[in-house]
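**Q** here are the coordinates; sequence isn't available:
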């Protein structure tokens, strides 16, 4: 099970990258709805992948936020 711990350590190091992917995916997904004059629409075949990337990165950020909040609460 050492491979799992190593993978999670590497994943924890990429919080900035995950936040950047989430921000970019959100802008590409919601941008054409909110500001159609400034953000071009994404091709239809990329929409499911874009939505999946947005959901995955948002879940990772939520889990990391919960863990961080938990540690702060336990620290007092």
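**A** Cool, got the structure. These numbers come from a predicted model, not from an experiment. Residues are numbered from 1 along each chain as shown.
**Q** And the helices in this protein, which stretches?
**A** For the chain, helices defined by DSSP state H occupy the ranges 2-12, 15-34, 47-75.
**Q** if you take the average position of the chain, which residue is closest to it?
**A** The chain has residue 57 as the residue nearest its centroid, 2.1 Å off, counting by CA atoms, centre = their mean.
**Q** before we move on, the earlier item: looking at the helices of the chain, spot the one closest to residue 41.
**A** Ranking these by proximity to residue 41 (CB to CB) places helix 15-34 first, at 4.3 Å. Quick note: C-beta positions are derived from backbone N, CA and C, even for glycine.
**Q** List the buried residues for that closest one?
**A** 18, 21, 22, 25, 28, 29, 31 (16 or more other CB atoms under 10 Å).
**Q** Please report how far the residue lying closest to the last one once chain neighbours are set aside lies from residue 16.
**A** Distances taken as CB to CB, 6 or more residues apart in numbering put residue 39 closest to residue 31, at 3.0 Å, once the chain neighbours are dropped. With distances defined as CB to CB, to the nearest Å, the gap from residue 39 to residue 16 amounts to 23 Å.
**Q** cool, and residue 33?
**A** Distance of residue 33 to residue 16, computed by CB to CB: 27 Å.
**Q** can you check residue 35 too?
**A** From residue 35 across to residue 16, the span is 25 Å (CB to CB).
**Q** again with residue 31
**A** In terms of CB to CB, residue 31 sits 21 Å off from residue 16.
**Q** same question, residue 40
**A** Remark: distance between residue 40 and residue 16 (CB to CB) = 26 Å.
**Q** just to revisit the earlier point, model confidence at the residue nearest to the centre of the chain, what's the number?
**A** At residue 57, the model reports a pLDDT of 92.
**Q** List the contacts of the nearest residue to it once chain neighbours are set aside.
**A** If the residues on either side of it in the chain are set aside, residue 57 comes closest to residue 22, at 3.8 Å by CB to CB, 6+ apart. By CB atoms under 8 Å, 6 or more residues apart in numbering, the residues touching residue 22 are 54, 57, 58, 61.
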